[in-house]
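*Asks:* sequence plus the predicted model coming up.
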Amino acid sequence: MPIPDGTKFHGVAPEVDTVDRGSATVSALREAYTIGDIRQTSAVPFFVTATPGGSLTYTDPANTIDVSWSGGTGTYTITIPTAVEAEYRLIRVVNDGTFPGGASNKVIILASGGGTIDGDVAGYEINKAYNGVTLWSNGTEWIVIQAKAH
């Protein structure tokens, strides 16, 4: 049975003593989330149309970035949060058939703040149609846990 859309979930700040669940302190520091909020952060992708020379600083809570391509030859850069800011988070980047591919056309994924992806500051490169990568933050660096090359 699916969870109804109006269902609310509550998050409590770490410093709150949850033993006293009915206190004013707990109520003041409680945040309510609906199932729609939770679905947005986990299932609904963030759609972006990449253009040569363009860039995106990724701050959206969605865990999947779906990239389409528009325009000629070039590079599009996606900068993701630092691994420290996104500890234990997964971010998946996928592209579709609109991507022209080739050595001159690519999407480069960078970790902000000079962070690394698999130990490399230069980031991770996608340069073919129907490619994708799943990155996981261990709290120190981003690690490639899955990559697809068509």
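*Replies:* Yep, it's here. Residues are numbered from 1 along each chain as shown.
*Asks:* these two touch, right, T82 and I117?
*Replies:* No. Assessed by CB atoms under 8 Å, T82 is found out of contact with I117, at 11.4 Å. C-beta coordinates here come from the backbone N, C-alpha and C atoms, glycine included.
*Asks:* where do the contact lists of these two overlap?
*Replies:* Common neighbours of T82 and I117, using CB atoms under 8 Å, 6 or more residues apart in numbering, are A111.
*Asks:* so which of the two has more stuff around it?
*Replies:* It is I117, of T82 and I117, that has more neighbours when counted by other CB atoms under 10 Å, with 22 against 18.
*Asks:* list the contacts for the closest residue in space to the more buried one that isn't next to it in sequence?
*Replies:* Once flanking residues are discounted, I117 sits nearest to W142: 4.4 Å by CB to CB, 6 or more residues apart in numbering. Contacts for W142 (CB under 8 Å, 6+ apart) come out as I80, A83, I91, A111, G115, T116, I117, D118, L135, W136.
*Asks:* and A111, by the same measure?
*Replies:* T79, I80, P81, T82, A83, I117, G123, E141, W142.
*Asks:* who does the residue lying closest to it once chain neighbours are set aside bridge with?
*Replies:* Spatially, and ignoring its direct neighbours in sequence, A111 is nearest to W142 (5.2 Å; CB to CB, 6+ apart). Beta bridges link W142 to I117, S137, judged by DSSP bridges.
*Asks:* try T75
*Replies:* Counting by DSSP bridges, the residues bridging with T75 are K106.
*Asks:* that one contacts A103, doesn't it?
*Replies:* No. Under the criterion of CB under 8 Å, T75 is not in contact with A103, lying 10.6 Å apart.
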